[in-house]
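J.: Generate coordinates for the sequence data below:
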Amino acid sequence: MTLRMLYKGKPVVLLFSSRLIKKGQSLCYDYNAGGISAKYDTSNFI
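T.: So this is what the prediction gives:
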């Protein structure tokens, strides 16, 4: 599950997991899934 929001005026994405994530394990997430949102522009995310 994810939650997109603004923090101190900047867009952030909070990621929640349904299972334990082990140290060193890779996570992938598409920040613009479903298109670009005008409220949360993620074009400058790295």
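
J.: Quick one: the helices in this protein, in order.
T.: Assigned helices in the chain: none (criterion: DSSP state H).

J.: shaky segments in it?
T.: Residue ranges of the chain with pLDDT under 70: 31-46.

J.: can we see that at 90?
T.: Judged by pLDDT under 90, the chain has its weakly predicted residues at 1-17, 26-46.

J.: any idea how far residue 11 lies from residue 2?
T.: Distance check for residue 11 against residue 2: by C-beta to C-beta, to the nearest Å, it reads 12 Å. Backbone N, C-alpha and C define where each C-beta goes, glycine included.

J.: What is the burial count for residue 29?
T.: 9 (other C-beta atoms under 10 Å).

J.: Residue 2 is in contact with that one, correct?
T.: Yes: with contact defined as C-beta atoms under 8 Å, residue 29 reaches residue 2; the gap is 7.3 Å.

J.: any shared contact partners between those two?
T.: 13, 15 (C-beta atoms under 8 Å, 6 or more residues apart in numbering).

J.: all strands for this protein, in order.
T.: All strands of the chain, identified by DSSP state E, fall at 2-7, 10-15.

J.: Which neighbouring elements make contact with the first one?
T.: This points to strand 2-7. strand 10-15 (3 or more C-beta pairs under 8 Å, 6 or more residues apart in numbering; DSSP states H and E).
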